[in-house]
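1. how would this look folded up:
(one chain, ligands or ions: 1)
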Amino acid sequence: MSHRCHAHGCRVEVAPRMLFCKPHWFSTRRALQEAIWREYRPGQERDKNASERYLAVQQLCVSELLHKRTCGLPSSTASMLAAEYAERAEKHRERAIADGAGDPFESLERRPKKPEPQLSLFGGSCSGGKP
Ligand SMILES: [Zn+2]
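-> Residues are numbered from 1 along each chain as shown. Next comes the predicted model:
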């Protein structure tokens with residue numbers, strides 16, 4: 001059975017134990033690469049039984065990659081998809097915590113939050129009244 005890179009829309013074939021193809025892997029920030037290897041359990045690609053912690057980190061990687069490499073997608077589509085992956089990451093994370101496995105994102109620095117474009121476009125409207 002063929003195994004493809006997990007980055008959204010990427011069709012490059014990779015070894016079953018690899019999460020991404022090289023370009024996608026090297027676009028992943030270091031803290032996330034380390035988290036993937038930390039959560040990876042040898043054999044999980046065969047028994048299809050990856051931990052919630054691994055899945056949380058994996059979905060977060062895919063989400064962040066969509067912000068970096070849009071793969072020809074319009075940026076609005078890319079950020080919508082990124083939000084969906086981030087939501088899935090959050091669900092796996094919650095399950096991991098509920099199972100007593102701990103917070104898989106604990107060691108990761110907070111994701112840089114991008115300001116909502118609408119808010120900055122209409123900035124000032126919430127400052128409350130005119131001088
Ligand atoms: Zn790829």
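2. quick one: low-confidence ranges for the protein?
-> Residue ranges of the chain with pLDDT under 70: 1, 69-71, 109-131.
3. switch the cut-off to 50
-> Low-confidence segments of the chain (pLDDT under 50): 118-130.
4. Might you enumerate the residues of it proximal to the ion?
-> Remark: the part of the chain in contact with the ion comprises C5, A7, C10, V12, C21, H24, using CB under 5 Å from the ion. Every residue, glycine included, has its C-beta placed from N, CA and C.
5. From S107, how far out is the second one?
-> By that I understand A7. Separation of A7 from S107 (CB to CB, to the nearest Å): 22 Å.
6. Which of the two has more residues huddled nearby?
-> A7 (23 against 11; other CB atoms under 10 Å).
7. Pretty sure V62 is one of the things the more buried one touches, is it not?
-> Yes. The pair A7 / V62 is scored as a contact, 6.0 Å apart, by CB atoms under 8 Å.
8. Show me the residue at the heart of this structure, geometrically.
-> Nearest residue to the geometric centre of the chain (CA atoms, centre = their mean): L60, 1.8 Å.
9. That one touches R88, doesn't it?
-> No. Assessed by CB under 8 Å, L60 is found out of contact with R88, at 9.0 Å.
10. What residues of the longest helix along the chain count as buried?
-> With DSSP state H setting the assignment, residue counts place helix 75-98 as the longest helix in the chain. Under the neighbour-count criterion of 16 or more other CB atoms under 10 Å, helix 75-98 has A78, S79, L81, A82, Y85, A86, R88, A89, H92, R93, A96, I97 buried.
11. which secondary structure elements does it contact?
-> With contacts defined as 3 or more CB pairs under 8 Å, 6 or more residues apart in numbering; DSSP states H and E, helix 75-98 has these neighbours: helix 52-68.
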